[in-house]
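> Here you go, sequence then predicted model.
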Amino acid sequence: MELQEKVAVPIFTEVDKEVFLRDIYPQRRPAVLRGVSLGPCLEKWTVEYLGQKGGDKELHLFIHRTLPFDEFVKRASEKKHSEFFLCEDESYYLRSLGEDVRKEPADLSKQFPVLAEDFHIPQFFTANQFFSSVFRISSCGLQLWTHYDVMDNLLAQVTGTKRVVLFSPQDALHLYLSGDKSEVVDIDSPDLEQFPDFVKAKRYECVLEPGDLLFIPALWFHNTVALQFGVGVNVFWRHLPADSYDKKDPYGNKDPVAATRALQALERALHTLDELPADYRDFYGRRMIQWIQKRTYCDSLTLPTSQFTKPG
């Protein structure tokens, strides 16, 4: 059986804005940044402290129930619950949302202003590029599916440890995509009869410790598993010109406007091919693939600097 190639995500220490912009950011590859100052959150954000500061703020859960924030944090930190909704070992996950979930991106300073004072966003980009700061809490063992985002982001691990597996955008054809997500749910023991090409995707992996930052370039697929109860913050910023993005996208995961238009045009072209017999559809479909390869494929993971906006 073919084995999937695995690569450790490189770790950089003593990273400041200058080092990030000069040595890391232009490479367009994931990188763990260790030792960047995140503020007093590293010492303060205990279960007790979070419960006190979050207080009785109501959280709406996916099962159409609500919990006070302090009770949510308590349950998320437990492996067995004395009080629960469905079962005593159920998992809990918080992904903060904007005040108007359909229009506003998440912003730690608005949803949790007291906690925001403890967290210092690394100043690796200019203020007008900021898009969102997403507060996350995960029970031990909670896994998020493999997906990509259209903006660059920094994942700050404040407490607990987390495994992150990433795949290059250039391996998209091996990930069996459905929208922005991979259909391969179990990336550690994939069904290779159903997903035989998955082993061709190079797997980049790291374990984030408290205080670590992971730079995740736009379009890089990532899958996370909380190895312990953990708290973190994702910071997203616009690295393309502002008008490249969908203005009605509070989550930062809609494809850029031009990409959406191109995908819609492709869908129309494929419907047009349906008017032809099968052997003709096959032939012209292959010609279209050849055109796409010639016009768009890059041979290197490092893109010319003209293809992205340098922050800062």
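Nice, thanks for sending it over. Numbers count the residues shown, from 1 in each chain.
> which residues of the protein fall in helices?
Per DSSP state H, the chain carries helices over the ranges 17-19, 41-44, 47-54, 69-77, 108-111, 113-116, 257-273, 278-296.
> just checking, residue 13 touches residue 31?
No: Residue 13 is beyond contact range of residue 31, at 11.1 Å (criterion: CB atoms under 8 Å). The C-beta positions use only the backbone N, C-alpha and C, and glycine is treated the same way.
> Neighbour count for those two, which is higher?
Neighbours of residue 13 and residue 31, each counted by other CB atoms under 10 Å, are more numerous for residue 31; the result is 21 against 10.
> which residues does residue 52 contact?
Contact analysis of residue 52 by CB atoms under 8 Å, 6 or more residues apart in numbering lists residue 70.
> same question, residue 298
Neighbouring residues of residue 298 by CB under 8 Å, 6+ apart: residue 170.
> Any idea how far apart the tips of stretch 118-126 sit?
Stretch 118-126 has an end-to-end distance of 20 Å (CA to CA, to the nearest Å).
> For that stretch, buried residues please.
Buried residues in stretch 118-126, defined by neighbour count with 16 or more other CB atoms under 10 Å: 118, 119, 121, 122, 124, 125.
> Next, work out how far apart the closest residue to the fourth one other than its chain neighbours and residue 106 are.
The one in question is residue 122. Spatial nearest neighbour of residue 122, excluding adjacent residues (CB to CB, 6 or more residues apart in numbering): residue 36 at 5.5 Å. Relative to residue 106, residue 36 is positioned 21 Å away (CB to CB, to the nearest Å).
> Which of the two has more residues huddled nearby?
Neighbour count, other CB under 10 Å: between residue 36 and residue 106, residue 106 has more, with 25 against 20.
> Spit out the contact partners of the residue nearest to residue 122.
Residue 36 is in contact with 15, 122, 211, 213, counting by CB under 8 Å, 6+ apart.
> now do residue 54
Contacts of residue 54 were listed using CB under 8 Å, 6+ apart, and they are 69, 70, 72, 73, 112, 115.
> For the fourth one, give me its contacts.
Residues counted as contacts of residue 73 (CB under 8 Å, 6+ apart) are 47, 50, 51, 54, 137.
> if we can go back for a sec, please, a ChimeraX command that selects the buried ones among the contacts of residue 54?
A single ChimeraX command suffices to select whichever of the contacts of residue 54 are buried according to 16+ other CB under 10 Å:
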select :69,70,72,73,112,115
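> quick revisit: nearest to residue 188, of the contacts of residue 73?
residue 137 (23.6 Å; CB to CB).
> Would you check that the closest one makes contact with residue 91?
No: judged on CB under 8 Å, residue 137 makes no contact with residue 91 at a distance of 10.9 Å.
> Between these two, which contacts overlap?
Residues touching both residue 137 and residue 91 (CB under 8 Å, 6+ apart): residue 76.
> Looking at these two, which is more packed in?
More neighbours surround residue 137 than the other of residue 137 and residue 91, with 28 against 15 (other CB under 10 Å).
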